[in-house]
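Peer 1: Structure of the sequence below:
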Amino acid sequence: EAQLVESGGGMVQTGGSLRLSCEASGFTFRRFNMSWVRQAPGKGSEWISSISTTGDTTYYADSVKGRFTISRDNTKSTMYLQMTNLKPEDTGLYHCAKAVRVDLPPRSDGWGPGTQVTVSS
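Peer 2: Numbering: from 1, shown residues only. A predicted model of the protein is given here:
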């Protein structure tokens, strides 16, 4: 059974940094494009970043461009999201998901349970 488990969230002050991880199991990780999606309190989900199977192609939403960096290690079946210069509006539950294409949002099913990021002002 395919499984995604996120970790690395926490509470930081504005301007702080966090590194999220997404560990995959139950499927051939290196064959799938992957994405990060976040859900803010009282808001819908926001697709924030995607990465191709080899890591050569990436996508970032304008809201995180220049501050977040997506990467992956196929030998560890793990994807990462390095987040810097965090802002209160980055607060939310961060999920990882498989992506059909790097330039399209991931499907709404099959996400991991998420890791909470809280940024205080």
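Peer 1: For the residue nearest to Leu86 when sequence neighbours are not counted, the count of nearby residues, please.
Peer 2: Spatial nearest neighbour of Leu86, chain neighbours left out: Val119 (4.6 Å); criterion: C-beta to C-beta, 6 or more residues apart in numbering. From N, CA and C alone the C-beta is placed, and that goes for glycine too. Val119 has 20 neighbours, counted by other C-beta atoms under 10 Å.
Peer 1: quick one: pLDDT of Arg19?
Peer 2: On pLDDT, Arg19 comes in at 98.
Peer 1: So it sits against Met83, correct?
Peer 2: Yes: at 7.1 Å, Arg19 and Met83 qualify as touching, with contact defined as C-beta atoms under 8 Å.
Peer 1: Starting from the host helix or strand of Leu81, tell me the next helix or strand along the chain.
Peer 2: Using DSSP states H and E, Leu81 sits within strand 78-83. With elements assigned by DSSP H and E, the helix or strand that comes after strand 78-83 is strand 92-99.
Peer 1: which helices and strands sit right next to the helix or strand just after that following strand?
Peer 2: Using DSSP H and E, the helix or strand that directly follows strand 92-99 along the chain is strand 115-120. The criterion is 3 or more C-beta pairs under 8 Å, 6 or more residues apart in numbering; DSSP states H and E, and the helices and strands that strand 115-120 contacts are strand 10-13, strand 18-25, strand 92-99.
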